[in-house]
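Visitor: sequence plus the predicted model coming up.
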Number of protein chains: 2
Amino acid sequence: MPPKKSTSAPLHLSDTALELIASRFRALSEPMRLRLLSCLMPGERTVGQLVEASGSGQANVSKHLAVLREAGMIGTRKEGPSTFCFIADPIVNELCDMMCCRLREEMEGKARALTSRAG
Amino acid sequence: MPPKKSTSAPLHLSDTALELIASRFRALSEPMRLRLLSCLMPGERTVGQLVEASGSGQANVSKHLAVLREAGMIGTRKEGPSTFCFIADPIVNELCDMMCCRLREEMEGKARALTSRAG
DNA sequence: CATTTATATCGTCATATAGCGATAAAGCAA
DNA sequence: TTGCTTTATCGCTATATGACGATATAAATG
């Protein structure tokens, strides 16, 4: 292994690896990007359709799509004047499903706590 | 590669839900927080131990731990003057493992592409 | 070539936050 | 009480980035 400099951490993950992992999670850390991914889950959509569905501006949607594309989470293909976007990494569905399930569990737990015996 | 059919449910998520999911991913979007979680994976650690292991300042570590605690990913317990931290949500391990595996696959793919015949 | 459509990029502003030093708060020892 | 340890919080600066408007690029159309 190259003389990879580690701060002093007894970790198996290098600084570079942590940066890469963090950047992937960062791509999923904005509601607008999650909304775009949600719109893409049933199948591919054009940028224009995403603009309409998301209710945001075209420039903003384009920039968020660029972030998702750089993170490797979506792919694009051009067809005539339009650009179709599609989820390119199945990890997106898994990650979001996991997070949704976990949140639902927590919400239901809190709801029970509130409805059962609200002090 | 053509777009892949999703097996996910046609989830239409509210703004509140998207915000919640995004905030969870945002907690994982910083290398320092991932490092702290990595330090906690073998077992609980005090804040001081995490400060030493992470190589960052005490104030910074404390703030990052607060973010992780608010996201429900770690828990804390006080023992004397020390605060012990531990991973409170098993989803952390799953998410990080998934992301690591995916990144390793991509890296190896790119490495092969570079070593095979770099024009 | 000019125009329309579809998308990307740029400039700017406002906000969020990472990192740092100083300090406060809480517990323990003498 | 004082002093030490441990952790949390405050104030600050620098940077990153989301949202928006304007503009640029590219393809299709007339």
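Guide: Arrived safely, thanks for sending. Bear in mind the structure is a predicted one, so any value in this text is a computation, not a measurement.

Visitor: where does chain A get nearest to DNA strand D, residue-wise?
Guide: As assessed by CB to the nearest atom of the strand, DNA strand D sits closest to residue A:59 within chain A, at 3.4 Å. All C-beta atoms are positioned from the backbone trio N, CA, C, and that covers glycine.

Visitor: next, the buried residues of the helix or strand where that residue lies.
Guide: Secondary structure assignment for residue A:59, by DSSP states H and E: helix A:58-70. Of the residues in helix A:58-70, those buried under the neighbour-count criterion (16 or more other CB atoms under 10 Å in any protein chain shown) are A:61, A:64, A:65, A:67, A:68.

Visitor: what do you get for stretch A:47-59?
Guide: Of the residues in stretch A:47-59, A:47, A:50, A:51, A:54, A:56 count as buried by neighbour count, 16+ other CB under 10 Å.

Visitor: quick one: the helix or strand containing the second one to chain centroid distance?
Guide: Which is residue A:50. Using DSSP H and E, residue A:50 falls within helix A:47-54. Put simply, helix A:47-54 sits 17 Å off its chain's centre (CA atoms, centre = their mean, to the nearest Å).

Visitor: point out where chain A drops to low pLDDT.
Guide: Low-confidence segments of chain A (pLDDT under 70): A:1-11, A:116-119.

Visitor: spatially central, which residue of it would that be?
Guide: residue A:28 (2.8 Å; CA atoms, centre = their mean).

Visitor: what residues are up against that residue?
Guide: Residue A:28 sits next to A:34, A:37, A:73, A:92, A:95, A:96, B:21, B:22, B:25, B:29 when contact means CB atoms under 8 Å, 6 or more residues apart in numbering or on different chains.

Visitor: again, 10 Å this time
Guide: A:34, A:37, A:67-68, A:71, A:73, A:91-92, A:95-96, A:99, B:21-22, B:24-26, B:28-29, B:95 (CB atoms under 10 Å, 6 or more residues apart in numbering or on different chains).
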